[in-house]
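K.L.:
quick one, fold the following:
(chains A and B)
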Amino acid sequence: MAPAGNSRRDRGTGRAGGAALAVAAVAIVGGLIVVPLVSVFVQAFAEGAGHWWAALADDPDTRHAIWLTLTVAPVAVACNTLFGVAAAWLVARFRFPGRSLLISLVDVPFSVSPVVAGLSLVLIFGRQGLLGPTLAALGWKVIFSWPGLVLATTFVTLPLVVRELIPVMEAIGPEEEMAAVSLGATGWQVFWRVTLPNIRWALLHGVVLANARAMGEFGAVYVVSGHIAGVTDTMPLRVEKLFQEYRQPASMAVASVLAGLALVTLVAKYVIEHRLEAEARDLARARATDDAAPHQTTGEVSP
Amino acid sequence: MSIHVRGISKSFGAFKALDGVSLDVPDGMLLALLGPSGSGKTTLLRIIAGLEFPDAGAIEEDGEDITERHARAREVGFVFQHYALFRHMSVFENIAFGLRVRRTPRDEVRVRVEELLRLVRLEGLGGRKPSQLSGGQRQRVALARALAIRPKILLLDEPFGALDAKVRVELRQWLRRLHDEIGMTSVFVTHDQEEAFELADEVVVMNHGRIEQQGTPEAVFDHPATPFVMDFLGNVNVFHGRVENGRAYWHGIPIEYPDYPHAQAAEARVYLRPHELELSPVTGDGKAVAGDGQQAASLRAQVLRVSRSGAVTRVFCRPDGSDVEVHVDVPSDVARDLQLQPGMAVAIRPRKARVFLPGPEYVI
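P.N.:
Numbers count the residues shown, from 1 in each chain, chains lettered A, B, ... in the order given. Modelled structure (predicted):
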């Protein structure tokens, strides 16, 4: 029976192929992600938790780097949240000339190398840059300073919040907002009472992703910071500097903090994605055209 | 409150959604905007609500021009096609929304919402989320939410479109009774002529951004103003015929058409509704059995198919010497008495027919 034989052989190779793919996937994930990540923690704690803590807390430059990252990242994320919500609203709710161009431009930070992004900021805000003389006259320092770090970080994380919100807002549609307006709500009331509750999980997802990227950003920040220890060194820059200075345990200690933050992000992301899926199901149910929801006999219309 | 629509036009890009539409809705009337999708009925409803703004024309309420007034200030209750309930709010909060944004005192909100829950027969369900309700219940929450702000006008966009057949009929009757109780000027959009005719005091038939006809359901059904209305109001036989000297002819049967008194023959279309045709048996000698003088007004045909659906039996016949099919609806008891069978010879007599000359605007 040729067909039966064929199908059995197909099934056999299919199973073997599946198993081979699974092994390959586990090997790649293990080799590229799990082992290096674990080794960072192993190295960081090689001489015990005391040494780990000392490496972080006793070096004023490292302390400053941690503090700097924990301030620059939230400010950049806040800028992104404001921009992201406004841009997503604009794109999802209005049709205007240049709309698709705007959608494409928002993605530029994803396709441009962060180093190029940093350099372009130097070209504009640096001493020899376009706005350099003006800024110097005002006494404002952007490059090699805190504002430059925020600008560079905002630039590289720009698409994360917008990209998260646009599809969700388009899926929800404008009807609930229109209903709110027809019921007498002002623009702010519509936003706070209807739009924001509807997009809150997508927004949080974007914020978590943007924050993770902001804290880990190296390239763009490297160019604009001038890596002045204790002044403009963020955590990733500090890791690299300590490593270059052959202070591997200290470098690994800071790296472990960054990796730990990444793990926290991962857990948060997991939880939020569950909520997002629940919301999507809810939306689908609200749109269902048949009477799929549990039918209630009490209160049903009767002649 | 009466609504007056004056020459409203609205385009979306190259698409002309509304083309100089004028319409009057007297105070307290329940009016249906009836038309196929893309006829502009929803756009007109949204313009009345202030959710869209017209390119040209004006909207008046009780003689006051409100064209530029923001939707927020129009005091219009709007029920959306898919209800657009606030998914993250309870039923109670949904209904209370319009009162809350007006900063109505808490006690007053509670009293009003309870009152509305009773009105739409959803007592005890205030704590539920919209996703926990059936389609019919959601529809009633949407209605209660729109009524909470005591609007002067109620607008409903395909209010029963997303419901199953049984709930749809129940809710329809209920809405009619509710309207009679409250007496608020209401406009609803539908593509279902049965719905429009059963519910509305007046029906406005729309097509391609224009109004084809406005009138009571009886007037629109009995005197369709245009071929489109005739066609849209349900299955109808359409045939080519000719017209001359004030008469149109369909297979030799004359139909009075005084609008065309000219001697020169012209092409015309003859519209025959299936239930306005009569079937009678044909005797052995080939003459139709009918009253004296009516023989000329009947047409010999052969029965092709007979299908019974409830109280009405649909009969498809082919007139002798022709290749068209004529659809005749016969009451099922009459069909039984006639013992209709495929192959049988019958006589068709139109009780009523309408003639339209195909004009340049003839579009279906």
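
K.L.:
contacts and neighbour counts: CA atoms only from here.
P.N.:
Will do.

K.L.:
number of residues surrounding A:Thr69?
P.N.:
A:Thr69 is flanked by 23 other residues according to other C-alpha atoms under 10 Å in any protein chain shown.

K.L.:
could you look up the SS state of it?
P.N.:
Secondary structure state of A:Thr69, per DSSP: H, G, I helix; E, B strand; the rest coil, is helix.

K.L.:
so it makes contact with A:Ala212?
P.N.:
No - A:Thr69 is not in contact with A:Ala212 according to C-alpha atoms under 8 Å; the separation is 11.0 Å.

K.L.:
sec struct for the closest residue to chain B within chain A, please.
P.N.:
Chain A approaches chain B most closely through A:Gly184 (4.2 Å), counting by C-alpha to the nearest C-alpha. Under three-state DSSP, A:Gly184 falls in the coil class.

K.L.:
how near is it to A:Glu177?
P.N.:
11 Å (C-alpha to C-alpha, to the nearest Å).

K.L.:
neighbour count winner among these two?
P.N.:
A side-by-side neighbour count of A:Gly184 and A:Glu177, using other C-alpha under 10 Å, places A:Gly184 first with 26 against 22.

K.L.:
for that one, which non-adjacent residue is closest in space?
P.N.:
B:Arg72 (4.2 Å; C-alpha to C-alpha, 6 or more residues apart in numbering or on different chains).

K.L.:
quick check: that neighbour is in a helix.
P.N.:
Yes - membership of B:Arg72 in a helix is supported by three-state DSSP.

K.L.:
surely it touches A:Met178?
P.N.:
No - contact between B:Arg72 and A:Met178 fails when scored by C-alpha under 8 Å: they sit 9.7 Å apart.

K.L.:
need the residues of the stretch 101-250 of chain A near chain B, please.
P.N.:
Within the stretch 101-250 of chain A, the residues that sit near chain B (C-alpha under 8 Å from any C-alpha of the partner chain) are A:175-176, A:178-186, A:189, A:194, A:197-198.

K.L.:
in PyMOL, select just the buried ones from these.
P.N.:
Filtering those down to the buried ones (16 or more other C-alpha atoms under 10 Å in any protein chain shown) takes a single PyMOL command:
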select buried, chain A and resi 175+176+178+179+180+181+182+183+184+185+194+198
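
K.L.:
quick one: residues contacting the closest residue to B:Leu34 other than its chain neighbours.
P.N.:
Setting aside the residues directly before and after it, B:Leu34 is nearest to B:Val205 in space (C-alpha to C-alpha, 6+ apart), at 4.8 Å. Residues near B:Val205 by C-alpha atoms under 8 Å, 6 or more residues apart in numbering or on different chains: B:Leu33, B:Leu34, B:Gly35, B:Ile211, B:Glu212, B:Gln213, B:Gln214, B:Val229.

K.L.:
which one (most neighbours) among these?
P.N.:
Sorting those by how many neighbours each has (other C-alpha under 10 Å) puts B:Leu34 first, at 32 neighbours.

K.L.:
show me what contacts it?
P.N.:
Counting by C-alpha under 8 Å, 6+ apart, B:Leu34 makes contact with B:Lys41, B:Val189, B:Thr190, B:His191, B:Asp192, B:Gln193, B:Ala196, B:Val203, B:Val204, B:Val205, B:Met206.
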